[in-house]
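K.L.:
model the following, please.
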Amino acid sequence: MKCYYTNVKEKIQKVYILIPMILFLIISMIVLTKTIQGLSYNEKKGNMIYVQILNKGMPLVKELSFDSEDLVEGNFSLKDKVLDVLGINRKDPINIISKEIKYFSMLKSENSKEAININKEISSFKLGDTSVSKVSEKEMQKGKGSNLASLKAYNPSLKKTLNSSKPEVLIYHTHTSERYTTDVESNSNDSMNENENVCAVGNEIARELEENYGISVIHDKTVHNTTYTQSYSRSRETLTQYLNKYGDFKLIIDLHRDSVKSKSSVTVNLNGEDVTKIMFVMTEKNPHFDKNNAIVENMIGNANELFPGFIRQRINYNVGTRYFNQDLSNNAILIEVGARINKIEEATGSAKYTARLIAEYLNGKE
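P.N.:
Numbering: from 1, shown residues only. All right, here's what the predicted structure looks like:
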């Protein structure tokens, strides 16, 4: 009898030993399968994970074969990849909570439907009134009550008669939903609300140019960044359609905001109010670099004379992502207005100074 219990005990012990081993093997197989699937997916995107691993470990490969800016929208994170294998998106807390609480799962489902609808809306990139901002008479009147800062930013000698038949300036956004928020705890970098993203800044620049300087503007607010890594290919299509329709513009601005965490580095006090600094981003291997850069040099020179401290800096990449579309025109530039950490009022407050620099460049030489 004792022998029987001893055998049973030994079998139970073996089972206890085997269970963790079996579980480990199962988990290992799942992780391996997911990883292979993930790498297969990235292979379709150009093996960017492999490229970035090689770049990090073998600088010579990076130096000979790739510019760092080629990967500007495809940064590889080992932490994110491991979490992705486990089905966790650390940038989406609702995704984590919804696995445990049914209400959030339902909420997630509704948000997914909304995202699908957004994608459907922007897939064709047809030019039309729905994506174009036009300065209304009401908005014109809104700017009449100019404060002291506005008066000091404005130069009435640069004003001409507005001619809307031939737009002179095109403003668009490759990353249309880039949001401004002082909430450092917030995980949301984007917003479809035009009152708190870069579109608000574009609206204000357009209003300033048309009302104060007689410069006709198209402000396109097509959403290009629902799939972030395709942002520039999508905005390139939008820009190409405008160029086909109107010919070249006197100035084309891809308007962004940065994501640095130091507010003091992107904010300046001009005429008694805090406004965001602006930064220019250029691509030197772009075939139109010399002419595009001449525009930037003009604006920087005027800013240093008129509004010291307003220019944050200028960054020159070699290629960037698709040349940041600057290879499509002699007059294309990219401007970063402040950063995520700025108040929306600080970003829109900078618009009158940006508009003045544009007017100095366009109307000052006429």
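
K.L.:
residue ranges for the helices of this protein, please.
P.N.:
2-44, 48-57, 59-65, 78-85, 93-97, 102-122, 137-142, 148-153, 198-213, 231-246, 289-306, 344-349, 351-362 (DSSP state H).

K.L.:
low-confidence ranges, the stretch 51-200 of the chain, go.
P.N.:
Within the stretch 51-200 of the chain, the segments meeting pLDDT under 70 span 51-146, 185.

K.L.:
rerun at 80
P.N.:
51-149, 184-188 (pLDDT under 80).

K.L.:
kindly report the domain assignment for this structure.
P.N.:
Under the assignment automatic domain parsing, the domains of the chain span 2-115, 124-362.

K.L.:
roughly how far apart are the residue nearest to residue 354 when sequence neighbours are not counted and residue 283?
P.N.:
Spatial nearest neighbour of residue 354, excluding adjacent residues (Cβ to Cβ, 6 or more residues apart in numbering): residue 205 at 5.6 Å. (Glycine included, C-beta is placed from N, CA and C.) Separation of residue 205 from residue 283 (Cβ to Cβ, to the nearest Å): 22 Å.

K.L.:
any idea how far residue 166 is from the nearest residue to residue 168 once chain neighbours are set aside?
P.N.:
Leaving aside its sequence neighbours, residue 168 sits nearest to residue 250 (Cβ to Cβ, 6+ apart; 4.5 Å). According to Cβ to Cβ, residue 250 and residue 166 sit 10 Å apart.

K.L.:
kindly report the same for residue 326.
P.N.:
22 Å.

K.L.:
neighbour count winner among the two?
P.N.:
residue 326 (26 against 10; other Cβ atoms under 10 Å).

K.L.:
hang on, isn't that one packed against residue 334?
P.N.:
Yes: between residue 326 and residue 334 there is a contact under Cβ atoms under 8 Å: 7.1 Å.

K.L.:
can you list residues touching both of the two?
P.N.:
Taking Cβ atoms under 8 Å, 6 or more residues apart in numbering as the criterion, residue 326 and residue 334 both touch residue 282.

K.L.:
dump the residue contacts of residue 350.
P.N.:
Taking Cβ under 8 Å, 6+ apart, we find residue 350 in contact with 201, 275, 276, 277, 278, 310, 337, 338.

K.L.:
can you redo those as TSV with pLDDT and distance to residue 218?
P.N.:
Shown next, in TSV, are the contacts of residue 350 (pLDDT from 0 to 100; distance: Cβ to Cβ, whole Å):
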residue	pLDDT	distance to residue 218
201	98	15
275	98	24
276	98	23
277	98	26
278	98	20
310	98	25
337	98	18
338	97	23
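
K.L.:
with these in mind, which one is nearest to residue 354?
P.N.:
residue 278 (6.0 Å; Cβ to Cβ).

K.L.:
looks like that closest one contacts residue 333 (just checking).
P.N.:
No: under the criterion of Cβ under 8 Å, residue 278 makes no contact with residue 333, lying 10.7 Å away.

K.L.:
between these two, who's got more neighbours?
P.N.:
residue 278 (30 against 20).

K.L.:
any idea what the more buried one is bridged to?
P.N.:
residue 311, residue 337 (DSSP bridges).

K.L.:
now do the contacts for it.
P.N.:
Shown in contact with residue 278 (Cβ under 8 Å, 6+ apart): 310, 311, 312, 335, 336, 337, 338, 350, 353, 354.

K.L.:
of all the residues you listed, which two lie farthest apart?
P.N.:
Counting by Cβ to Cβ, the most remote pair of the contacts of residue 278 is 336 and 353, 14.4 Å apart.

K.L.:
who has more neighbours, those two?
P.N.:
Taking neighbours as other Cβ under 10 Å, residue 336 and residue 353 compare with residue 353 leading, 28 against 24.

K.L.:
now the more buried one: how far from residue 21?
P.N.:
As judged by Cβ to Cβ, residue 353 and residue 21 stand 67 Å apart.

K.L.:
just residue 255 next, same as before
P.N.:
58 Å.

K.L.:
before we move on, the earlier item: I'd say the residue nearest to residue 168 and residue 169 touch.
P.N.:
Yes: with contact defined as Cβ under 8 Å, residue 250 reaches residue 169; the gap is 6.5 Å.

K.L.:
could you tell me which residues touch both of these two?
P.N.:
Contact with both residue 250 and residue 169 is made by residues residue 362, according to Cβ under 8 Å, 6+ apart.

K.L.:
and the two? Which one has more around it.
P.N.:
residue 169 (22 against 17).

K.L.:
partners of the more buried one in the sheet?
P.N.:
With DSSP bridges as the criterion, residue 169 is bridged to residue 217, residue 251.

K.L.:
residues touching it, list them.
P.N.:
Contacts of residue 169 (Cβ under 8 Å, 6+ apart): 206, 209, 215-218, 249-253, 358, 362.

K.L.:
can you pull out the low-pLDDT segments for the stretch 251-366 of the chain?
P.N.:
In the stretch 251-366 of the chain, residues with pLDDT under 80: 365-366.

K.L.:
in CSV, list the contacts of residue 350 along with distance to residue 227.
P.N.:
Shown next, in CSV, are these (distance: Cβ to Cβ, whole Å):
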residue, distance to residue 227
201, 23
275, 32
276, 27
277, 30
278, 27
310, 34
337, 23
338, 25
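
K.L.:
list the contacts for residue 344?
P.N.:
When contacts are counted by Cβ under 8 Å, 6+ apart, residue 344 touches 180, 195, 196, 200.

K.L.:
quick one, which of those residues are buried?
P.N.:
With burial judged by 16 or more other Cβ atoms under 10 Å, the buried subset of the contacts of residue 344 is 180, 196, 200.
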